[in-house]
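S.K.: okay, sequence plus prediction incoming.
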Amino acid sequence: MTTFNRRQWLGVSLQAAAATAAVAHWPAALAQSARPIYVLVGFPPGGGSDALARLLAVHMQKELGATMVVDNRPGAGGQIAAQNLKAAAPDGNTVFLSHDHTVTIVPKVVKTPGFDTEKDFQAVAGVANFVNAFAVTASHPAKTFDEYVAWVKEQKSAPMRAIGVPAPASTLEFIAKSLDKQYELDIETVPYRGSGPMLADLMGAQIQAGFATLPELIELHKAGRVRILNVLGDKRQPIVPDVPTFAEIGVAGFEQAPFYGFFAPKGISAEKIAQWEQATQKVLQVPEVRKQLEDWGMTVEYMDHQQLQDAEASYSKTWARIIDDLGYEPQ
């Protein structure tokens, strides 16, 4: 979950206020007849998923001809929002804006998540990709990952070897454990309840290193409050062009980028899917939307429903192998 600074959040809030005011000037018949569209978000207000949902809702509601309401249902890594989506009518008036963790990882690490992505959900439209990144404290002596590895192997204290991750049984914890296995680091992963407290501890040097998404780390990196050493994905990121990928230093298997996309209850009509696809594609062409996503460290990538479904299936296959290789048992 991404944490934004006051200036970024104020910008999103002002956009939302402007859009709400604009609704009042739509034709009265439309305003009276159109049912609200609910966009479920699995995390609290103020986080990355929430900010993205609100930004898109500001622009998409006119394309869809109805007021869009961002409906935060935080808890259990997005499980509560996903369960609400499963229970919703497949009429196109309730969708779930989700990233990879809820729809792909949760079903693999939780015995009874309360939903089955393949059976209960219909992919609707993809919005953007992003990458994860590895960062150390601003005062850390390591300037490269190789230097970090050498430093860790010199540490006798377990807390100094700890790597923070935003949530237990998340992709970021599995990435940390994979690096531990490859480099024989003898590290301890420290799962937090969200990126906010983990990043606070990283900035305060309560932990020396941590994994988070690039959107979560970028402003802190620019401000010199943490130092990003590497990004995942198959290429360097334009917003931090001097930061190498893990693939460049010989860490393979994490090139596939996570995604954000809209999902609907199974049974939604082809007509409704097409409406969502068209609205999403149009909004992602708006310059201010593209710029905001890029400023947040995301890569704008529209996907139609089949492309999003294929991306989720491919991502699911990759992470099933990684999780199995680590011997993780669903809890």
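M.R.: The structure has been received and is ready for your questions.

S.K.: what's the spacing between Ala135 and Ala128?
M.R.: Going from Ala135 to Ala128 by CB to CB, to the nearest Å gives 21 Å. Every C-beta, even on glycine, is put in place using the N, C-alpha and C of the backbone.

S.K.: the closest residue to Gly75 other than its chain neighbours: neighbour count?
M.R.: Spatial nearest neighbour of Gly75, chain neighbours left out: Gly42 (7.6 Å); criterion: CB to CB, 6 or more residues apart in numbering. By other CB atoms under 10 Å, the residues close to Gly42 number 30.

S.K.: pLDDT wise, what is Gly42 at?
M.R.: Gly42 carries a pLDDT score of 91 in this model.

S.K.: ok, now the one 4 residues further on?
M.R.: Here the pLDDT value assigned to Gly46 is 77.

S.K.: which SS class is it?
M.R.: Gly46 carries the three-state label coil when classified by DSSP: H, G, I helix; E, B strand; the rest coil.

S.K.: that one and Gly196: what is the separation?
M.R.: Using CB to CB, Gly46 is found at 9 Å from Gly196.

S.K.: surely Val190 touches Ala167?
M.R.: No: counting by CB atoms under 8 Å, Ala167 is not a contact partner of Val190; they are 11.1 Å apart.

S.K.: show me the helices in this protein, by range?
M.R.: 6-23, 28-33, 48-64, 79-87, 100, 106-109, 117-120, 145-154, 171-183, 195-203, 214-222, 270-283, 287-295, 305-325 (DSSP state H).

S.K.: let's have those helices in JSON lines, adding mean neighbour count.
M.R.: Shown next, in JSON lines, are the helices of the chain (neighbours: other CB atoms under 10 Å):
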{"stretch": "helix 6-23", "mean neighbour count": "13"}
{"stretch": "helix 28-33", "mean neighbour count": "10"}
{"stretch": "helix 48-64", "mean neighbour count": "23"}
{"stretch": "helix 79-87", "mean neighbour count": "21"}
{"stretch": "helix 100", "mean neighbour count": "23"}
{"stretch": "helix 106-109", "mean neighbour count": "21"}
{"stretch": "helix 117-120", "mean neighbour count": "15"}
{"stretch": "helix 145-154", "mean neighbour count": "16"}
{"stretch": "helix 171-183", "mean neighbour count": "20"}
{"stretch": "helix 195-203", "mean neighbour count": "20"}
{"stretch": "helix 214-222", "mean neighbour count": "22"}
{"stretch": "helix 270-283", "mean neighbour count": "17"}
{"stretch": "helix 287-295", "mean neighbour count": "15"}
{"stretch": "helix 305-325", "mean neighbour count": "17"}
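
S.K.: which one of those lies nearest to Asp234?
M.R.: Nearest to Asp234 among the helices of the chain is helix 305-325 (12.5 Å), distances taken as CB to CB.

S.K.: gap between that closest one and the chain center?
M.R.: 15 Å (CA atoms, centre = their mean, to the nearest Å).

S.K.: likewise for stretch 69-89?
M.R.: Relative to its chain's centre, stretch 69-89 lies at 15 Å (CA atoms, centre = their mean).

S.K.: same check on stretch 245-261?
M.R.: The answer for stretch 245-261 is 14 Å, by CA atoms, centre = their mean.

S.K.: list the buried residues for it?
M.R.: Residues of stretch 245-261 classed as buried: Thr245, Phe246, Ala247, Val251, Phe254, Gln256, Ala257, Pro258, Phe259, Tyr260, Gly261 (neighbour count, 16 or more other CB atoms under 10 Å).

S.K.: wait, Asn126 touches Ala257, no?
M.R.: Not Asn; residue 126 is Gly. No: with contact defined as CB under 8 Å, Gly126 does not count as touching Ala257 (11.1 Å).

S.K.: what residues are up against the residue nearest to Gly75?
M.R.: Counting by CB atoms under 8 Å, 6 or more residues apart in numbering, Gly42 makes contact with 49, 73-75, 77-82, 96, 98, 102.
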